[in-house]
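In: The amino acid sequence is not available; the structure is as follows:
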């Protein structure tokens, strides 16, 4: 065989092997990401929800809801109460300022929730 042909065959074989390994690596990475990404995202979300900025923003949002609730008509109060309950469904009320916490607890009590 011609040395050029042998060299070309070796280079092509190495290229195919490297391409195949890269493809398998990406495939494995996709499988790992599919497995571990939901858990990683859950941890990231919980970390965010425990941040000072998130808690302050939530408290401010609930204070705005409280002001709107006080001024609202009975029909609007029902809609606002539903929105407030939805927004605070999975919130630890102990992380909120006392006034906001009391407000949310009152809303929950009027709806028969605790």
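Out: Yes, it's here. Bear in mind the structure is a predicted one, so any value in this text is a computation, not a measurement.

In: When you work out contacts or count neighbours from here on, use the C-alpha atoms and nothing else.
Out: Noted.

In: what's around residue 62, how many residues?
Out: A count of nearby residues for residue 62, using other C-alpha atoms under 10 Å, gives 20.

In: and the gap between the closest residue to it other than its chain neighbours and residue 107?
Out: Distance criterion C-alpha to C-alpha, 6 or more residues apart in numbering; nearest residue to residue 62, sequence neighbours excluded, is residue 100 at 6.7 Å. Residue 100 sits 11 Å away from residue 107 when distances are taken as C-alpha to C-alpha, to the nearest Å.

In: Equivalent analysis for residue 33, please.
Out: Plainly put, residue 33 is 41 Å away from residue 107 if you go by C-alpha to C-alpha.

In: between those two, who's got more neighbours?
Out: Counting neighbours by other C-alpha under 10 Å for residue 33 and for residue 107 shows that residue 107 has the greater number, 20 against 13.

In: Hmm, residue 80 and that one touching each other?
Out: No: when contacts are counted by C-alpha atoms under 8 Å, residue 107 is not listed as touching residue 80 (9.7 Å).
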